[in-house]
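Novice: this one's structure only:
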């Protein structure tokens, strides 16, 4: 409001222009709020309380804005002190805020009390962001929400929980929703038996972004209730409180995968199965390895047991790869996992599902014990050894459907792989067999790139000699050969 200090004329103009007083920020005192509400007259206003003014000024703020409740267009209250929870709930349940479009508040702990949002009192509410507050809204009002952010921080109480039926009815009513964020909600009855009916799923056609951080059972119920547009950004963290429960990506999704139409459209996929859970990332465009930025699809199944990386189930890598069988357009596949899981995958079966695959990167990130050999992948891509499935269309004309990944150009095996005496011989054999089966001209390379990272226990001179021999032997088949020590 430096404009008030320019001159007497500007002071008069600014002080008597209601539209210049529409955005009111409360920091160290309520003076601006009082003045702004008076000078804005009947114009809708946006009120926000800065964090430093919350604990001392909150009661005064509520008493000041209550007479102007019908003019509030935006109300951002931040973190509400515990001592003022009851006052806030009373204000919300008794006020008629007919101009309110955006409301945000966070209580310090989950409360069994809540607010009742009636369309008559909040007819224009479109964006609701609240934490630790039980919200009950009329379906006609929920259907108009474009932003909904509900969360619980800390231990939720049984009394503050929503029933699974009420929760799913709310989700299914979000016809206009564009951004949906649900975090750590406690839902009663989520584990009860039910029958999935794909015909009853609601298409959230306007959804642009959905973020779920919920118990795995609740995630599954949400996916059973809605269909997410393929253009929406999907970020899901499925929580498992029971350390005996094995995290699973496929367990989050209905068998028909109809909730995620983006799955058949994926062009790039990354699978990580190590550490504290399983992650599947997907993109509908080709992305180079290690490219940063948010993914269009992120499914993360978290494990409660901190020692899970030492106790992984045998299918902890195969299972998310199985989900990708429904992605025949896949061109780039990145995998990161531990030794035992890489070795347990049926790679010939997995790779046979991706006729358009051009790049494969597999990174071994475990201990240097029982390392897998690159021969595992050489055999999977060798048409004389691999079993090629006839499932899934998408093989382009001019390619041999009996060749695994007939369009493959880049194979990277990084991390720490086992070097064998026959490694170069095996590599040459699988490349020769692919050349013969694909009918590639003998002057043309079979691959553009082959990168192999192996554990070596020899001195530097011997390593350099081995590296040179390997790279020279494969040059007739590969444009760029990289043999490196892990």
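Specialist: Great, that's in hand. From a predicted model like this one, the values you see are computed outputs, not experimental measurements. Numbers count the residues shown, from 1 in each chain.

Novice: so where is the stretch 101-250 of the chain shaky, pLDDT-wise?
Specialist: In the predicted model, the stretch 101-250 of the chain carries pLDDT under 70 at residues 109-113, 154-160, 241-245.

Novice: Please enumerate the strands of it.
Specialist: 102-106, 114-117, 127-131, 134-137, 147-151, 162-163, 179-183, 187-188, 202-203, 209-215, 226-227, 233-239 (DSSP state E, counting those that start in this stretch).

Novice: Dump the ones you listed to TSV, plus distance to residue 47.
Specialist: Quick note: C-beta positions are derived from backbone N, CA and C, even for glycine. Formatted as TSV, the strands of the stretch 101-250 of the chain follow (distance: least, C-beta to C-beta, whole Å):
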stretch	distance to residue 47
strand 102-106	11
strand 114-117	17
strand 127-131	15
strand 134-137	20
strand 147-151	18
strand 162-163	28
strand 179-183	22
strand 187-188	32
strand 202-203	34
strand 209-215	26
strand 226-227	34
strand 233-239	30
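
Novice: Which of the ones you listed sits closest to residue 462?
Specialist: Taking C-beta to C-beta as the criterion, residue 462 comes closest to strand 233-239 out of the strands of the stretch 101-250 of the chain, the separation being 46.9 Å.

Novice: Could you list every helix and strand that the closest one packs against?
Specialist: With contacts taken as 3 or more C-beta pairs under 8 Å, 6 or more residues apart in numbering; DSSP states H and E, strand 233-239 sits against strand 209-215, helix 216-225, strand 297-302.

Novice: can you pull the buried residues of the helix or strand where residue 78 lies?
Specialist: Taking DSSP states H and E as the definition, one finds residue 78 inside strand 72-79. Along strand 72-79, the positions that meet the burial threshold by neighbour count (16 or more other C-beta atoms under 10 Å) are 72-75, 77, 79.

Novice: Just put the residues you listed in CSV and tack on pLDDT and distance to residue 125.
Specialist: Below are the buried residues of strand 72-79 laid out as CSV (pLDDT from 0 to 100; distance: C-beta to C-beta, whole Å):
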residue, pLDDT, distance to residue 125
72, 97, 11
73, 97, 10
74, 97, 11
75, 96, 10
77, 90, 15
79, 85, 21
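
Novice: Now distance to residue 232 too, for those residues, in JSON lines please.
Specialist: Conversion of the buried residues of strand 72-79 to JSON lines gives the following (distance: C-beta to C-beta, whole Å):
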{"residue": "72", "distance to residue 232": "31"}
{"residue": "73", "distance to residue 232": "27"}
{"residue": "74", "distance to residue 232": "25"}
{"residue": "75", "distance to residue 232": "28"}
{"residue": "77", "distance to residue 232": "29"}
{"residue": "79", "distance to residue 232": "30"}
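
Novice: Determine which two of those residues are furthest apart.
Specialist: The distance between the two most remote of these (C-beta to C-beta) is 21.6 Å, for 73 and 79.

Novice: all helices for the chain, in order.
Specialist: When secondary structure is read from DSSP state H, the chain shows helices at 8-15, 31-39, 51-65, 85-94, 139-142, 164-172, 216-225, 318-323, 339-344, 347-351, 375-380, 423-438, 460-474.

Novice: would you list those in TSV and tack on mean neighbour count and distance to residue 180?
Specialist: Shown next, in TSV, are the helices of the chain (neighbours: other C-beta atoms under 10 Å; distance: least, C-beta to C-beta, whole Å):
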stretch	mean neighbour count	distance to residue 180
helix 8-15	12	40
helix 31-39	16	32
helix 51-65	16	26
helix 85-94	16	22
helix 139-142	17	11
helix 164-172	17	8
helix 216-225	21	9
helix 318-323	21	22
helix 339-344	20	33
helix 347-351	20	33
helix 375-380	20	40
helix 423-438	19	46
helix 460-474	14	50
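
Novice: could you dump these to TSV with distance to residue 251?
Specialist: Rendered in TSV, the data for these read as follows (distance: least, C-beta to C-beta, whole Å):
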stretch	distance to residue 251
helix 8-15	60
helix 31-39	50
helix 51-65	40
helix 85-94	37
helix 139-142	28
helix 164-172	17
helix 216-225	7
helix 318-323	9
helix 339-344	17
helix 347-351	19
helix 375-380	26
helix 423-438	35
helix 460-474	42
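
Novice: What about residue 194, how many residues nearby?
Specialist: By other C-beta atoms under 10 Å, the residues close to residue 194 number 13.

Novice: try residue 284
Specialist: Residue 284 has 18 neighbouring residues, counting by other C-beta under 10 Å.

Novice: Could you find the closest non-adjacent residue to it?
Specialist: residue 265 (4.9 Å; C-beta to C-beta, 6 or more residues apart in numbering).

Novice: residues in contact with that neighbour?
Specialist: 230, 284, 327, 329 (C-beta atoms under 8 Å, 6 or more residues apart in numbering).

Novice: dump the residue contacts of residue 161.
Specialist: 186-188.

Novice: So what sits opposite residue 484 in the bridge?
Specialist: residue 453 (DSSP bridges).

Novice: about what we covered before: out of the helices of the chain, which comes closest to residue 130?
Specialist: For residue 130, the closest of the helices of the chain is helix 85-94, at 9.8 Å, according to C-beta to C-beta.

Novice: Now the closest one: average pLDDT?
Specialist: Mean pLDDT, taken over the full extent of helix 85-94, equals 87.

Novice: which other helices and strands contact that helix?
Specialist: Using 3+ C-beta pairs under 8 Å, 6+ apart as the contact criterion, the elements in contact with helix 85-94 are helix 51-65, strand 114-117.

Novice: what inclination does that helix have with respect to helix 51-65?
Specialist: The directions of helix 85-94 and helix 51-65 differ by 40 degrees, with axes from the mean of the first three to the mean of the last three C-alpha atoms, to 10 degrees as the criterion.

Novice: circling back: so which of the helices and strands packed on strand 233-239 comes closest to residue 178?
Specialist: Distance to residue 178, taken as C-beta to C-beta, is lowest for strand 209-215 among the helices and strands packed on strand 233-239, at 7.4 Å.

Novice: Residues touching the closest one, excluding its own?
Specialist: 151, 178-185, 187, 190, 204, 219, 222, 228, 232-241.

Novice: Put together JSON lines for the helices and strands packed on helix 85-94, with distance to residue 480 on each row.
Specialist: What follows is those, written out as JSON lines (distance: least, C-beta to C-beta, whole Å):
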{"stretch": "helix 51-65", "distance to residue 480": "54"}
{"stretch": "strand 114-117", "distance to residue 480": "61"}
